[in-house]
Each structure stands twice: as C-alpha cells, then as structure tokens.
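Student: Here is my input, please return the structure:
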Amino acid sequence: MTQREEFVRIALTWEGVPWREVGCRRDGANCIGFIVGVARECGFLIDIASKEADANFTRPPTKGLMLERAKEDLDVIGRRDILPGDLLLFRLSNEPAHIAIVTQLKPLMIIHSDSSEQPRRVRCSTLPHGWIPTMAFRIRELDE
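Tutor: Numbers count the residues shown, from 1 in each chain. Alright, predicted model coming up:
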C-alpha cells in the first residue's frame, strides 16, 4: 500500500468522529483538526492551523491564516492534477474556510469534518451543492 493509499485509508476510519470547534483527535475535530489528526496518525507533521495553535489544537485558525499556512506547509497543485489523498480548500463567504481530503475521483468524493449538516461529524460525501474548491494541495510526504 502506498503512503497516499494509507493516508486515505486512515482518513476513512475517522468517519463518524464528532465535529468539534477546536480539536484534532478522534474524540472531536473541526475540518483543519481532522486533517492534522489524520496526518499525525500517518507520521506527517503539518501545521495548517495557526501559528498560535498549540500541540493539541485548542485554538481555531485566525481569519485569513488558513490559506497562508496551507501554502507554507503543503504543495499547491492544479485542480486537474488532483489525486485521492490530496486536499481541497473551499471559500465560504469570501474567505478560505473549509478543507477536505479527496477520497476518490470519479465521482469526486471527499471526507471532511462537516458542521453544515446535522449530525455534525466527519463524513464522506460528494461536493455539497455550490461548493467549488478554491485551491488544491498535496502533502509532500505522500509522494516520497
């Protein structure tokens, strides 16, 4: 199994974890905390939260910092180059505000910690209506 396949496999085991405003563990995670938690389980250290966030991700990212941190810690890729295991960043209300892991391409499926639908939890889904990814990112270690 490749690192990319293992990353997706581990992400899928988080399905059903409750959404929590701040958190990056299996007892609760928001969208960024979910990505950070899965990466940690795979042995990758990424910090896309915020410079103020501590090791347990007890503070949410500050406005506008999500995109800046993602660009520092991840490789930007073209949307046509997306593979399972890559990350999609979404703008909601003109701010980059949500991030998800691609689990399959056809049809495009994601897993994400979703607070927009009840129950709020990590779930697999197609892209919600009207959600258009702003940018795509790749975790560098997935292709090593």
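Student: Could you use CA atoms for every contact and neighbour count after this?
Tutor: Noted.
Student: what about the longest strand in the protein?
Tutor: strand 95-104 (DSSP state E).
Student: Show me which residues of that one are buried.
Tutor: 96, 97, 98, 99, 100, 101, 102, 103, 104 (16 or more other C-alpha atoms under 10 Å).
Student: between those, which is nearest residue 1?
Tutor: The shortest approach to residue 1 among the buried residues of strand 95-104 belongs to residue 103, at 14.9 Å (C-alpha to C-alpha).
Student: Tell me, what's the model's pLDDT at that closest one?
Tutor: If you check residue 103, the pLDDT there is 97.
Student: Verify the contact between it and residue 109 for me.
Tutor: Yes: Residue 103 lies in contact with residue 109 (C-alpha atoms under 8 Å); the separation is 5.5 Å.
Student: Surely residue 34 is in a strand?
Tutor: No: read with DSSP: H, G, I helix; E, B strand; the rest coil, residue 34 is helix and lies in no strand.
Student: what about it, how many neighbours?
Tutor: By other C-alpha atoms under 10 Å, 29 other residues sit near residue 34.
Student: I figured it hits residue 24, correct?
Tutor: Yes: Residue 34 sits in contact with residue 24 when judged by C-alpha under 8 Å, with a separation of 5.3 Å.
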